[in-house]
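# coordinates only, no sequence provided:
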Ligand code: UD1
Ligand code: MG
């Protein structure tokens, strides 16, 4: 046996996860925004395996989509059990020597440290197989472990006798095998159990009899939170969520109410930012320093600069600049860029638009496909009518424009620099710089540069 040989890692992720009662494969369910299978992969990575295989089957195409490019999916056509899944993985490995590290895809809290310990134990014991076990207060649902003179036997709960069910030492579904031994043992498996499946656990007993097997006891029981149903999923996610929050707090972020704050893995937050209760930060969201986010803000894939305030608002793929004030009750959709010191206030929606430095969209507005310059003030209820039923059209509002309440901008339209739009005006043609436009639709465009007496271009007034 070659206990110093390379590690070939296999994640078992082909199962359906019947107990999840889901239309989605179990390993695709997310914890803190990350699919379950990716936790197993990330825990393996620090061991620098020669290859990292993932056995896929149920919803294989969907599972493949979430796998990192340096992993190799192998297809298990029919889910005939964990033993069969390992058989499929072995078909993809030609080497005769090395360690096969098998990791069930449903243990998102298992750490790299534990996997390293397992491999270390396997190497130093010089055995054919090593299995990770834990002594649990409630072992229900898991395989029970019996160890005797170099033979480790695991019996599934459904196949166990009354006496065996009392055992609290359980199999956590992580194993180190000598390649040659596991290859041989898999060939000998039979499906003579309650589920009619090929059990990987039976291979352990076969190997034990020939080349000895040992157990490796898990130290941190938190890692034993395997996911087989939705309440397990919630419990595991809660632990991961707290870990993420603790990490941010250690780095100088204030989290007012950790119990109601949800920050996904991978979100970045600067120092002295305060996260208020009921806030969700998801995906590739990045928040700068000295911000106040929440209460009840929900940002995904949103970039926030320094010193910004985002109160009770939703952001999806938006960019919020330094010292911008958002909310309460703003909805920022993809393509929104709010430049430094700008403001989007109560009950406003912004989509695919730029709001220039210091400009304000304070109340009840819809801004879509618009380019807004600097120092602009949109009156309450200013709306860009960007969609004519066929096309999305652009609105340009140049620097220093001021719109009255309930202004409608019928795109495509440009409002020139420094112009004023009267309250309730419906603007369906371009307004040159420095003019006042009033009316619905705006039939009158008047010069506002001089004092009074000017003529309207359309010759009519409302
Ligand atoms: C398995 C173990 C059990 C252990 C438990 C720990 C066996 C027979 N039993 O039971 O002793 O306590 O894990 O979690 O191994 N999978 C496949 N292909 C299949 C079947 C399963 O890839 O044909 C994958 C699943 O996607 C999952 C993993 O293997 O990630 C374990 O499968 P699961 O059905 O959850 O096994 P358990 O019944 O929990
Ligand atoms: Mg399981």
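It's in. A quick note: this is a predicted structure, and the numbers were derived from the prediction, not measured. Ligands and ions are numbered 1, 2, ... in the order given.
# and the residue in the stretch 51-200 of the chain that ligand 1 sits nearest to, how far is that from residue 169?
Proximity of the stretch 51-200 of the chain to ligand 1 (C-beta to the nearest ligand atom) peaks at residue 143, 2.2 Å away. C-betas here are computed from N, CA, C, even on glycine. Distance, residue 143 to residue 169, by C-beta to C-beta, to the nearest Å: 10 Å.
# between the two, which one's more packed in?
residue 143 (26 against 18; other C-beta atoms under 10 Å).
# for the more buried one, give me phi and psi.
phi -70, psi 130 (degrees, to the nearest 10).
# I figured it hits residue 170, correct?
Yes. Using C-beta atoms under 8 Å, residue 143 makes contact with residue 170 at a distance of 6.3 Å.
# looking only at pLDDT, what's the mean for stretch 413-422?
For stretch 413-422, mean pLDDT rounds to 98.
# how about it: buried residues?
Neighbour counts over stretch 413-422 (16 or more other C-beta atoms under 10 Å) mark 413-416, 418-422 as buried.
# so which of those are in strands?
413-415, 420-421 (DSSP state E).
# the closest residue to residue 374 other than its chain neighbours: how many residues sit nearby?
Spatial nearest neighbour of residue 374, excluding adjacent residues (C-beta to C-beta, 6 or more residues apart in numbering): residue 356 at 4.1 Å. With neighbours defined by other C-beta under 10 Å, the count for residue 356 comes to 21.
# on that earlier part again, any chance of the buried residues of stretch 413-422 in TSV, plus distance to residue 385?
Formatted as TSV, the buried residues of stretch 413-422 follow (distance: C-beta to C-beta, whole Å):
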residue	distance to residue 385
413	9
414	14
415	13
416	19
418	23
419	18
420	19
421	13
422	17
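# residue boundaries of the helices in the protein?
Taking DSSP state H as the criterion, the chain contains helices spanning 36-44, 60-66, 82-91, 112-125, 162-165, 179-186, 200-211, 230-250.
# near ligand 1 at all, the fifth one?
No. In this structure, helix 162-165 remains apart from ligand 1 according to C-beta under 6 Å from any ligand atom; the gap is never smaller than 12.2 Å.
# does residue 308 really touch residue 325, like I thought?
Yes. Shown here, residue 308 and residue 325 form a contact pair, counting by C-beta under 8 Å, at 7.2 Å.
# of those two, who's got more company?
Between residue 308 and residue 325, counting by other C-beta under 10 Å, residue 308 is the more crowded of the two (24 against 20).
# got the contact list for that one?
Counting by C-beta atoms under 8 Å, 6 or more residues apart in numbering, residue 308 makes contact with 287-288, 291-292, 320-326.
# I'd like the distance between it and residue 274.
According to C-beta to C-beta, residue 308 stands 11 Å off from residue 274.
# what does residue 395 give?
From residue 395 to residue 274 the distance is 35 Å (C-beta to C-beta).
# who has more neighbours out of the two?
residue 395 (23 against 15).
# how does the protein divide up, domain by domain?
7-224, 230-459 (automatic domain parsing).
# what's the burial count for residue 139?
20.
# same check on residue 149?
What residue 149 shows, counting by other C-beta under 10 Å, is a neighbour count of 6.
# same question, residue 50
Look at residue 50: counted by other C-beta under 10 Å, it has 13 neighbours.
# just use 29 as the starting number from now, easier for me
With the count now opening at 29, the last piece we talked about shows up as residue 78.
# how about it: what's its closest non-neighbour residue?
With C-beta to C-beta, 6+ apart, the residue lying closest to residue 78 is residue 34, at 3.9 Å.
# surely that neighbour meets residue 80?
No. Checked against C-beta under 8 Å, the pair residue 34 and residue 80 is beyond contact range at 11.8 Å.
# more neighbours, these two?
In this view residue 34 and residue 80 are compared by other C-beta under 10 Å, and residue 80 has more residues nearby, 23 against 14.
# surely that one meets residue 95?
No. Using C-beta under 8 Å, residue 80 is not in contact with residue 95; the gap is 9.3 Å.
# contact residues of the chain facing ligand 2?
134, 256 (C-beta under 5 Å from the ion).
# if I pick the nearest residue to residue 396 once chain neighbours are set aside, what's in contact with it?
Of all residues not flanking residue 396 in the chain, residue 414 sits nearest, at 4.1 Å (C-beta to C-beta, 6+ apart). Residues near residue 414 by C-beta under 8 Å, 6+ apart: 396-398, 420-423, 439.
# now with 10 Å, please.
The contact partners of residue 414, by C-beta atoms under 10 Å, 6 or more residues apart in numbering, come to 379-381, 394-398, 420-423, 437-441.
# how about residue 273?
281, 283, 286-287, 289-291, 303.
# any idea which of those has the most stuff around it?
So for the contacts of residue 273 (other C-beta under 10 Å), the most neighbours sit at residue 303, 27 neighbours.
# for the stretch 229-378 of the chain, which spans come out with low pLDDT?
By pLDDT under 70, the stretch 229-378 of the chain contains no weakly predicted segment.
# would you mind naming what in it lies close to ligand 1?
229, 254, 256.
# how many other residues sit next to the second one?
I take that to be residue 254. Around residue 254 there are 20 other residues, counting by other C-beta under 10 Å.
# could I get the pLDDT score of the closest residue to it other than its chain neighbours?
Leaving aside its sequence neighbours, residue 254 sits nearest to residue 135 (C-beta to C-beta, 6+ apart; 5.0 Å). As predicted, residue 135 sits at a pLDDT of 97.
# cool, residue 488 as well?
For residue 488, pLDDT reads 35.
# whichever strand in the chain runs longest close to ligand 1?
If you go by DSSP E, the chain has its longest strand at strand 197-206. Yes. Counting by C-beta under 6 Å from any ligand atom, ligand 1 is contacted by strand 197-206 at 198-201.
# quick one: those residues as CSV, columns for pLDDT and neighbour count too.
Formatted as CSV, these follow (pLDDT from 0 to 100; neighbours: other C-beta atoms under 10 Å):
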residue, pLDDT, neighbour count
198, 98, 24
199, 98, 25
200, 98, 24
201, 97, 22
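# closest to ligand 2 among those residues?
For these, the residue nearest ligand 2 by C-beta to the ion is residue 201; the value is 6.3 Å.
# what's opposite the closest residue to that closest one other than its chain neighbours in the beta bridge?
Closest residue in space to residue 201, ignoring its immediate chain neighbours: residue 132 at 3.2 Å, by C-beta to C-beta, 6+ apart. Beta-bridge partners for residue 132, by DSSP bridges, are residue 40.
# mind listing what residue 132 touches?
Applying C-beta under 10 Å, 6+ apart, the residues near residue 132 are 38-41, 43, 55, 68, 110, 113, 138, 160, 199-203, 228, 254-255.
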